[in-house]
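A.B. asks: Next input, structure requested:
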Amino acid sequence: MSGTTDNHAGWIEKCLMQEYVLRQILSEKPAGEVSLWQHKQLGSSLILRRCVASQEVYQRLLGVVHPNLPQIYEVVEEDGKLLILEEYIPGQLLSGLADDLIGKQQRVRQIGLSLCDAVYCLHRLGIIHRDIKPENIMVEDGNDRVRLLDFTAARCKKGIGAENCDTVCLGTAPYAAPEQFGVTQTDERTDIYALGILLNILMTGRHPSQLICGGRMGRIIRRCIRINADERYPSASQLKNALWRL
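C.D. replies: Numbers count the residues shown, from 1 in each chain. Have a look, this model is predicted:
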């Protein structure tokens, strides 16, 4: 079920208040709020996200079931912001685990493989995430499954042409590819760049500008973070194949 009207948003909020209990405000920023709600009878939980984001991105994600992405249950617009209901994933953010992963190539490789699957799914939907970083990655309790979260900086892929260049930088600067600063249009290779930065930070604890990983992993990372997007891996599947061969 999906909708786009304030009336529908009001109906969702009414249902939440009647059937769920607010358990925690997980994040509160000028751009939006993320809160955790628990069903009064069933005990199940879900996430309510209010944010400024691309409605087209979230509409494309509605109903998508993928082991490395959260499921989006509902998205509507309310007063210029989106109201999103999504799957609650209990676990730890990768940002809180990163220090323990330094130098552990096989574990970092597994994380990279899972993220390639998540990114490949997004790209098939025509979605560029544009903000891949440890704070947007959850390691699920119980099975250590990796989930890529938060699509508020994501955009649907645009056509080719100067008029489609990104003029506003969305994302996190240390992970952002050059094209995210208005140089050219973001595409699948923008996420490849961020994955390369992430892999290096997990392996070394440092940004590639300070220290770059050695060995075969280092060669993969160097290709991911080429300034010229044409020199990077062209797809998440090709990056995944390179990681498989490590």
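A.B. asks: Do a quick rundown of the helices in the protein.
C.D. replies: 6-19, 55-61, 98-101, 105-124, 188-204, 215-224, 236-244 (DSSP state H).
A.B. asks: Can you list the strands that whichever strand in the chain runs longest pairs with?
C.D. replies: As assigned by DSSP state E, the longest strand anywhere in the chain is strand 20-29. If you go by DSSP bridges, strand 20-29 pairs up with strand 32-39 (antiparallel).
A.B. asks: if we look at the partner strand, which residues are touching it?
C.D. replies: 16, 19-28, 44-53, 81, 88, 152 (Cβ atoms under 8 Å, 6 or more residues apart in numbering). Using the backbone N, CA and C atoms, a C-beta is placed for each residue, glycine as well.
A.B. asks: Residue 137 contacts residue 148, correct?
C.D. replies: Yes. Judged on Cβ atoms under 8 Å, residue 137 makes contact with residue 148 at a distance of 5.9 Å.
A.B. asks: Now do the shared contacts for those two.
C.D. replies: Joint contacts of residue 137 and residue 148 (Cβ under 8 Å, 6+ apart) are residue 115.
A.B. asks: List buried residues within the contacts of strand 32-39.
C.D. replies: Buried members of the contacts of strand 32-39, scored by 16 or more other Cβ atoms under 10 Å, are 16, 20, 45-51, 53, 81, 88, 152.
A.B. asks: could those residues go into a markdown table alongside distance to residue 187 and pLDDT?
C.D. replies: Formatted as a markdown table, the buried ones among the contacts of strand 32-39 follow (distance: Cβ to Cβ, whole Å; pLDDT from 0 to 100):
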| residue | distance to residue 187 | pLDDT |
| --- | --- | --- |
| 16 | 37 | 90 |
| 20 | 39 | 96 |
| 45 | 35 | 97 |
| 46 | 32 | 97 |
| 47 | 28 | 97 |
| 48 | 31 | 96 |
| 49 | 25 | 95 |
| 50 | 29 | 93 |
| 51 | 23 | 94 |
| 53 | 19 | 95 |
| 81 | 27 | 90 |
| 88 | 31 | 98 |
| 152 | 19 | 95 |
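A.B. asks: Quick one: the residues you listed as TSV, columns for distance to residue 211 too.
C.D. replies: Output for those, formatted as TSV (distance: Cβ to Cβ, whole Å):
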residue	distance to residue 211
16	46
20	46
45	40
46	40
47	36
48	40
49	35
50	39
51	34
53	34
81	40
88	36
152	30
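A.B. asks: just checking, which of the residues you listed belong to strands?
C.D. replies: 20, 45-51, 81.
A.B. asks: Would you point out the most distant pair within those?
C.D. replies: Spatial extent of these (Cβ to Cβ) is set by the pair 45 and 81 at 22.0 Å.
A.B. asks: for the protein, what are the low-confidence residue spans?
C.D. replies: Applying pLDDT under 70 to the chain flags the ranges 1-7, 159-171, 182-184.
A.B. asks: Let me see the contact set for the nearest residue to residue 82 once chain neighbours are set aside.
C.D. replies: Distances taken as Cβ to Cβ, 6 or more residues apart in numbering place residue 53 nearest to residue 82, at 5.3 Å, with adjacent residues excluded. Residues in contact with residue 53 (Cβ under 8 Å, 6+ apart) are 32, 82, 84, 151-154.
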